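K.L.:
The amino acid sequence is not available; the structure is as follows:
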């Protein structure tokens, strides 16, 4: 995996790495202060690895029904805890949870988020024991 520490990323790169649209990233930044990207001399946004992780977490949570206005300024650690808490879907037919976990693990793997994949798999094991 490419080492992302210490690097900065353009808006386009963040879109490619996270799946969050340009429009959404800009909206989360301006309306909810979810990000504070550094600006170049020409005014272009530059994001950090932490911003990428944050964007992924916000996307995941909003996809699961969380309101961006409620979660936008939470620290990344709290976003990750919230993902873990709401990750277990109660009342689904047996097997549905496995499908959800498989989909989540594949999506995380697509972005080389191996820590996220491991978290999903560990959660799946705990849910079945």
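P.N.:
Arrived safely, thanks for sending. Predicted model, so just to flag it, every value in this text is computed and none were measured. Numbering: from 1, shown residues only.

K.L.:
check which helix or strand covers the residue nearest the centre of the chain.
P.N.:
Nearest to the geometric centre of the chain sits residue 56, at 1.7 Å (C-alpha atoms, centre = their mean). According to DSSP states H and E, residue 56 maps onto helix 49-63.

K.L.:
Can you give me the buried ones in that helix?
P.N.:
51-62 (16 or more other C-beta atoms under 10 Å). To be clear about C-beta, it is placed using only N, CA and C from the backbone, and glycine gets the same treatment.

K.L.:
one step back: shouldn't the residue nearest to the centre of the chain be in contact with residue 112?
P.N.:
No - counting by C-beta atoms under 8 Å, residue 56 sits too far from residue 112 to count as a contact (11.1 Å).

K.L.:
Any idea how far apart the tips of stretch 60-79 sit?
P.N.:
Length of stretch 60-79, first residue to last, C-alpha to C-alpha, to the nearest Å: 10 Å.

K.L.:
Give me the mean pLDDT for that stretch.
P.N.:
Stretch 60-79 shows a mean pLDDT of 91.

K.L.:
Give the buried residues for it.
P.N.:
60-62, 66, 68, 71-72, 74, 79.

K.L.:
Quick check: next helix or strand after the worst-scoring helix or strand of the chain on mean pLDDT?
P.N.:
One helix or strand of the chain scores below all others by mean pLDDT, DSSP states H and E: helix 96-110, with a mean of 60. Toward the C-terminus, helix 96-110 is succeeded by helix 114-128 as the next helix or strand (DSSP H and E).
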